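K.L.:
take a look and give me a structure for this.
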Amino acid sequence: MRSVRSAGDGRRADGKRIGRYRVVLMVVALLLIYFSDRPNLRVESPATWVNPPVYRYVTPGYFFDPHSEFYDGYRYWTAKEFVLHKIGHIVGYSALTYVAYHSVHPEKRRSWRIWTGVALFALVDEIHQSFVVGRDGRLWDAGLDSAVSALTLFVLRHRRLSAGQIRSEGRRPGA
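P.N.:
Model (predicted):
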C-alpha cells in the first residue's frame, strides 16, 4: 500500500481533491462564458438562457474611445433585471474565485495570482460581451467581478487563519 502524505490542510498530496477542483473550475468558467454569450439574456426569463449566439461588429476603437458604452456607468440601478444580473455576477465570480483558490496546491497558493487571473478573465469576458447582440460589456462589471473576487479571497484566507490551518502563504513552517 502506498503512503499518502498530508499537505497540511486536509488535502492529500496525491492531488485528487485538487484535480476535482480543477475540473469544477473549468465547468464554472465555461458556464460564465456560456451565459455571457447569450444574446438578449433576461435572468427572469429562462427561455432566453438558451438563445443561440449572435454577434455584432465592434471595432477595436470602441474599446479605446472613452466615450463608448464600454466605459459608461450603470443606468436603471433599481430595475429588477439589473439587480438579478449583478447577483449573477456576484455568485458566478465568487464561485470562480472559490474553486480557483482550492484548485491550487496550498504551498503554491498566492492570493494575488488567483485574483489577477480572475480579474483578467472578467475583463476578457466583458470585452467578449461587447460583441454579443443585446448585451453590453462594461468595464464597471469587470471592476465588480474583481472586487467580488478580492472579497472572496479575503474571506477564504481569513477563514483559514481563524481555523489555524494557514502557514504563511507559500512558505514552509519555520522558513
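K.L.:
OK, contacts around the spatially most central residue of the chain?
P.N.:
The C-alpha lying nearest the average C-alpha coordinate of the chain belongs to Y93 (C-alpha atoms, centre = their mean; 3.3 Å). Contact analysis of Y93 by C-beta atoms under 8 Å, 6 or more residues apart in numbering lists 32, 118, 122, 145, 148-149, 152. Glycine gets a C-beta too; all of them are placed from N, C-alpha and C.
K.L.:
for V54, same thing?
P.N.:
Contacts of V54 by C-beta under 8 Å, 6+ apart are 39, 132-134.
K.L.:
try 7 Å this time
P.N.:
By C-beta atoms under 7 Å, 6 or more residues apart in numbering, the contact set of V54 is 39, 133.
K.L.:
can you check the pLDDT for it?
P.N.:
The confidence metric pLDDT takes the value 86 at V54.
K.L.:
now V43
P.N.:
pLDDT, read off for V43, is 88.
K.L.:
and S162, by the same measure?
P.N.:
The per-residue pLDDT reported for S162 equals 60.
K.L.:
surely L139 touches F70?
P.N.:
Yes: with contact defined as C-beta atoms under 7 Å, L139 counts as touching F70 (5.8 Å).
K.L.:
show me which residues of stretch 120-139 are buried.
P.N.:
Under the neighbour-count criterion of 16 or more other C-beta atoms under 10 Å, stretch 120-139 has 121-123, 125-127, 129-132, 135, 137-139 buried.
K.L.:
now render those residues as TSV, adding distance to L25, pLDDT and secondary structure.
P.N.:
Formatted as TSV, those follow (distance: C-beta to C-beta, whole Å; pLDDT from 0 to 100; DSSP: H, G, I helix; E, B strand; the rest coil):
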residue	distance to L25	pLDDT	secondary structure
F121	11	96	helix
A122	15	95	helix
L123	18	96	helix
D125	15	94	helix
E126	20	93	helix
I127	21	92	helix
Q129	21	91	helix
S130	25	90	coil
F131	24	91	coil
V132	23	91	strand
R135	24	86	coil
G137	23	87	coil
R138	25	90	coil
L139	25	92	helix
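K.L.:
okay if I get those as TSV plus distance to Y98?
P.N.:
Below are those laid out as TSV (distance: C-beta to C-beta, whole Å):
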residue	distance to Y98
F121	14
A122	15
L123	20
D125	17
E126	21
I127	24
Q129	23
S130	27
F131	28
V132	26
R135	25
G137	24
R138	24
L139	24
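K.L.:
quick one: which of those is nearest to Y57?
P.N.:
Nearest to Y57 among these, counting by C-beta to C-beta, is F131 at 8.1 Å.
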